[in-house]
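Colleague: Quick check, what structure comes out for this input:
(one chain, ligands or ions: 1)
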Amino acid sequence: MSEEIYDTIIIGGGVSGFAAAMYAGRFEMKTLLLGDIMGGVIITTNEVANYPGFKMVSGMELADKLREHALEYNVEMKEEKADGVEKTSDGFAVTAKSGTYKTKTIIFATGTEWRKLGVSGEKEYANKGVHYCALCDGAFYKDKTVAIVGGSDSAAKDALVLTEYAKKVYMIYRGEQIRPEPINLRRVEQNEKIEVINKTNVKEIKGEQFVTSVVLDKEYNGSSELALDAAFIAIGHIPLSSLAKDLGVALNEKNEIIIDRHGMTNLEGVYAAGDVVDTDFKQAITGVGEGVTAAYNAYNHISK
Ligand SMILES: Cc1cc2nc3c(=O)[nH]c(=O)nc-3n(C[C@H](O)[C@H](O)[C@H](O)COP(=O)(O)OP(=O)(O)OC[C@H]3O[C@@H](n4cnc5c(N)ncnc54)[C@H](O)[C@@H]3O)c2cc1C
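Modeller: Numbering: from 1, shown residues only. A predicted model of the protein is given here:
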């Protein structure tokens, strides 16, 4: 175990973690950020049109800017996963592949992972026609027929991305009507390549070497099997809160980390921010704000 003691260790290299790191650096805290996929989920979208100060920016560019800004200060970043967190007599110990690091405070900014559909064929055809990131994998489907499973704003944006490549994009949604932001709903409605199938579930994904169709729980155009080349699953995210839970951090029924208005958890010295916390509205700007709040209060904690 390294003998140096960090003032804070931020776990998570998405926008919330970068913002926390930037402020911690400004407060001259000895800061380490551990992030296994630098940039986080925002890098899977090419259009961020609601981050104040940027009329339009790609997710990758926004994440890069936040990261660069944090690195202007004395912040260490390691591109690796935190595997364990323990309470010690004088703070916490965070274990990663490269070693175990001591710290006075922790900020969890671990975000979420894609929720799986949980149907037969999903695992079998992963990356062979089953995908979770339209921006990353959409280009493989030039002039093909694909589907987005989901009806959220992110799902609608994914459908729009896919129309840049595919000849036909179905949106299959279990609810009454897809529910993107009004501006994206209009764009979906006006796009001739997109066909929305509401009130329908995908029961199975079928294929040979690659995906060939999905089975629906009700008939559409006279058949319950829809021929397609790829299914992009966009049905939400699951919080990555197991490390926090192992430490004794309180979670809500959705497994999100419960924080107060200071970004603090039920454990002294432990803070959290971003998509992993129990807030209703999960956006880049809200995660950034929460990261900043967490860093400020971690600073106040160690200054006492
Ligand atoms: C397709 C899509 C489009 C979106 N569009 C917009 C938009 O236009 N505008 C907007 O404001 N928001 C948008 N969002 C939401 C926004 O991207 C998120 O709210 C925000 O990026 C969350 O950031 P985060 O840092 O909290 O979490 P994440 O981005 O999930 O980052 C968490 C990071 O922590 C890492 N991590 C997890 N566990 C560990 C561990 N044990 N050790 C080390 N690292 C770990 C993960 O690898 C990840 O890199 C969109 C989201 C999606 C999916």
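
Colleague: Find the residue at the geometric middle of this protein.
Modeller: residue 41 (3.9 Å; C-alpha atoms, centre = their mean).

Colleague: and residue 294, how many residues sit next to it?
Modeller: By the criterion of other C-beta atoms under 10 Å, residue 294 has 34 neighbours. In short, each C-beta sits where N, CA and C put it, glycine included.

Colleague: That one reaches residue 273, doesn't it?
Modeller: Yes. Counting by C-beta atoms under 8 Å, residue 294 touches residue 273, with 4.6 Å between them.

Colleague: neighbours of residue 20, just the number please.
Modeller: Residue 20 has 35 nearby residues by other C-beta under 10 Å.

Colleague: whoops, I mixed them up, residue 194
Modeller: 21.

Colleague: about what we covered before: between residue 294 and residue 273, what contacts are shared?
Modeller: Counting by C-beta atoms under 8 Å, 6 or more residues apart in numbering, the shared contacts of residue 294 and residue 273 are 20, 107, 109, 259, 263.

Colleague: Could you pull up the residues touching the fourth one?
Modeller: Just to be clear, that refers to residue 259. Contacts for residue 259 (C-beta under 8 Å, 6+ apart) come out as 265, 271, 272, 273, 277, 278, 279, 290, 294.

Colleague: Could you pull up phi and psi at whichever residue of the stretch 51-200 of the chain sits closest to the ligand?
Modeller: For the stretch 51-200 of the chain, the nearest residue to the ligand under the criterion C-beta to the nearest ligand atom is residue 111, separated by 2.0 Å. Note on residue 111: backbone dihedrals following degrees, to the nearest 10 are phi 60, psi -140.

Colleague: Contacts only, for it.
Modeller: 12, 14, 16, 40, 41, 237, 239, 240, 274, 275, 276 are the contacts of residue 111 under C-beta under 8 Å, 6+ apart.

Colleague: okay, it: pLDDT?
Modeller: For residue 111, the pLDDT comes out at 98.

Colleague: cool, residue 197 as well?
Modeller: For residue 197, pLDDT reads 98.

Colleague: That one: neighbour count?
Modeller: Residues within reach of residue 197, counting by other C-beta under 10 Å, total 20.

Colleague: ditto for residue 35
Modeller: 25.

Colleague: Against residue 276, how distant is it?
Modeller: 13 Å (C-beta to C-beta, to the nearest Å).

Colleague: hey, what's in contact with both of the two?
Modeller: residue 12.

Colleague: For stretch 273-286, which outside residues touch it?
Modeller: Contacts of stretch 273-286 with the rest of the structure, by C-beta under 8 Å, 6+ apart, involve 12, 14-17, 19-20, 41-42, 48, 50-52, 59, 62, 107-112, 237, 239-241, 244, 252, 254, 256-259, 263, 287, 290-291, 293-294.
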